[in-house]
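# compute the structure for the input listed below.
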Amino acid sequence: MKPLYVVIVAAILGLALGGGMSWARFSHSPPLALTRPVDVTATGKQPQVLVDDESFDFGRVERDKTVRHVFRFTNAGDAVLTLKAGVTTCTKCTISELAKPRVEPGETVDVEVEYTANNSKPQIRQIAPILTNDPKRPRVELSISGTVTGRYRLVPEEVVLSKVSANETKTTEVKIYALLDDSVRVVGHEFMAPESARFFEMQSEPIPADQLSETDAKSGCRVRLTLKPGLPLGMIQQTIRLDLQLGEATEKVSVEVPIEGIIDSDVSIVGPGWEQQLSRLSFPAVSSAKGATRKLFILLRGDRRHEVTIKTGKVDPSWLKVTLGEPSELKGSGDGGVTQVPLTIEIPPGMPPVNHLGTDQGKYAEVVLETTHPQVSEIRMNLRFVIEQ
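The predicted structure follows:
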């Protein structure tokens, strides 16, 4: 046992001696250098973010246009300022340019925010955040605002003429208001339906500034549309295309204005399936084997009604049968008197299947009646039907 005891004691003395020598060697050595970056707060140096103006109002912004604004950031501290784009409040508002993500003390950089004004809401209220390492302002919220508007406004957007006599001259007007430009004028026009274009006229003139009834308008122009006598009895279907010059822009802006109404006169049609306002005669589904027939009456009023003659003009398709009967006086029609002329339109049996529903698959059939009436030279009738096997 004695040799083992000696060995253990010797080992303990050896460890103690080694530790003492190591302490003596390193107790006066300098401390080890740190490898991690120095925290600026530990050194007393900090960045400080300053923004010239954190909000901007674009005012009126044209719909579908992109607008931009530059916000100016300055580092007023004594350590490097870092900038990073945060998540904006909508996908249409973005931080389009961050010139420098690291800003030295005393340095100024620009941050550009852009917005695309295709939002259905008229008011712009969006936030574009910038994240910083300024301990006092880790988040700077850049605010943009404005009002989304069209470049112009039409009042009214379509022209509706109620019942207009065939021998009547009718004038109406459309006002065009420029919402973003200091001037608007009509530099060209075209009536899109050539068959009735000769019955329309257009004139335009600027609206004086003190007569602008729209409070948000910067300028305006008045368009006068005149319908001249002579249009066929029935529905008015016309469109005018106006070429506009807005402000100093070199490109033209085109806008189309529908014109609708009814030409009424001493000549009218009554009977099953006839729609006076549309000048349209509708048939139920027609069997190819049986065909179909509509019996109508043309009514003539006025002192010269007995002098009026009517004959068949254009018929499309040509296999339609159009028959005019003998005129007769309508009994019980009042003091003015009414002459009626029977009109029969027949789809003969044996015709092949066809679509005349007035769609892209098949246009209306058409019957034109020619008259000697001084104000109604012709009566146009659209026929709507489909022939089934």
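# pretty sure P352 is in a helix, no?
No: under DSSP: H, G, I helix; E, B strand; the rest coil, P352 falls outside any helix and is assigned coil.
# ok, it - contacts?
Counting by C-beta atoms under 8 Å, 6 or more residues apart in numbering, P352 touches S288, I387. (C-beta placed from N, C-alpha, C; glycine too.)
# check E173 too.
R222, V223, R224, L225.
# what's the separation between it and S183?
19 Å (C-beta to C-beta, to the nearest Å).
# next: F58.
22 Å.
# go on, V61?
On the measure of C-beta to C-beta, V61 and S183 end up 20 Å apart.
# ok, these two, which is more surrounded?
V61 (22 against 14; other C-beta atoms under 10 Å).
# may I ask which helix or strand encompasses that one?
V61 belongs to strand 55-62 when elements are defined using DSSP states H and E.
# where does the stretch 201-350 of the chain have low pLDDT?
Of all residues in the stretch 201-350 of the chain, those with pLDDT under 70 make up the ranges 332-336.
# could you report the neighbour count for V148?
V148 has 20 neighbours, counted by other C-beta under 10 Å.
# can you pull the contacts of the nearest residue to it once chain neighbours are set aside?
Leaving aside its chain neighbours, V148 sits nearest to A117 (4.6 Å; criterion: C-beta to C-beta, 6 or more residues apart in numbering). Shown in contact with A117 (C-beta under 8 Å, 6+ apart): V61, E62, R63, D64, K65, T66, V67, K92, I124, G146, V148.
# show the contacting residues for the residue nearest to S254 when sequence neighbours are not counted.
The shortest distance from S254 to any non-neighbouring residue, by C-beta to C-beta, 6+ apart, is to D243 (5.4 Å). Listed by C-beta under 8 Å, 6+ apart, the contact partners of D243 are V186, V187, G188, H189, K252, V253, S254.
# quick one: which of those is nearest to Q48?
Set against Q48, the nearest of the contacts of D243 by C-beta to C-beta is V253 (49.3 Å).
# ok, the closest one to A197 distance?
For V253, the distance to A197 - C-beta to C-beta - is 22 Å.
# please apply the same query to Q46.
Distance from Q46 to A197, by C-beta to C-beta: 76 Å.
# so between these two, which is more surrounded?
Taking neighbours as other C-beta under 10 Å, Q46 and A197 compare with Q46 leading, 16 against 13.
# do you know the pLDDT at that one?
Reported pLDDT at Q46 in the predicted model: 94.
# isn't it right up against A79?
Yes: using C-beta atoms under 8 Å, Q46 is in contact with A79, at 5.5 Å.
# the residue nearest to D134 when sequence neighbours are not counted - how many residues pack around it?
Spatial nearest neighbour of D134, chain neighbours left out: V49 (4.5 Å); criterion: C-beta to C-beta, 6+ apart. V49 has 21 neighbouring residues, counting by other C-beta under 10 Å.
# what's across from V49 in the sheet?
Beta-bridge pairing of V49 under DSSP bridges involves N75.
# all set, thanks.
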